[in-house]
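Trainee: kindly generate the corresponding structure for this input.
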Amino acid sequence: MRKPRDFDAELKALDDKAKELKTRKVRQLGELVIATGADTLTVNELAGALIVLAETKEAGRREAWARRGGAFFQGRAQRTAPAPNRDARGAPPQSVGAQPPSGGKGTA
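Mentor: Numbering: from 1, shown residues only. Modelled structure (predicted):
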C-alpha cells in the first residue's frame, strides 16, 4: 500500500523555496544597484529611470542597453579574475623597451 502524500508539508516546502528565491533576487538586485553606482541616485530618480527602462519597447535601444550591460559584466569579471600575465600588484607586464613608471623623462 502506498504511503499517503503530505500535501501540507509539500506546499510549505514550496512556499519556503519561493521565499528564498525572492529574497535572493532582491539581494542580487540591490548588489547590482550598488555595483553600477546607481545607489547614489535618489529613490525617485532610480524608480523613474527603471520605469522608463521597463516601458521602452524599442528593440534597438534595448539591444544597446544589453550590449552595454554585457560589457559591464565582462569588465567586472576581467577586473576580479586573476590574469596569468599580471604580477602580484596587479600591474600588466611591460613589453620589451617600455619605460618603467618611475623612469619617465625629466626625472632624476
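Trainee: please, where are all the helices along the chain?
Mentor: Shown for the chain, the helices assigned by DSSP state H span residues 7-36, 43-55, 59-80.
Trainee: M1: which of those helices is closest?
Mentor: helix 7-36 (18.1 Å; CB to CB). All C-beta atoms are positioned from the backbone trio N, CA, C, and that covers glycine.
Trainee: low-confidence stretches in this protein?
Mentor: Residues of the chain meeting the criterion pLDDT under 70: 79-108.
Trainee: go again using 80 as the cut-off
Mentor: Under the criterion pLDDT under 80, the flagged ranges of the chain are 1, 76-108.
Trainee: what about L11, neighbour count?
Mentor: Using other CB atoms under 10 Å, L11 has 10 other residues around it.
Trainee: quick check: phi and psi at R2.
Mentor: R2 adopts backbone torsions of phi -80, psi 150, taken as degrees, to the nearest 10.
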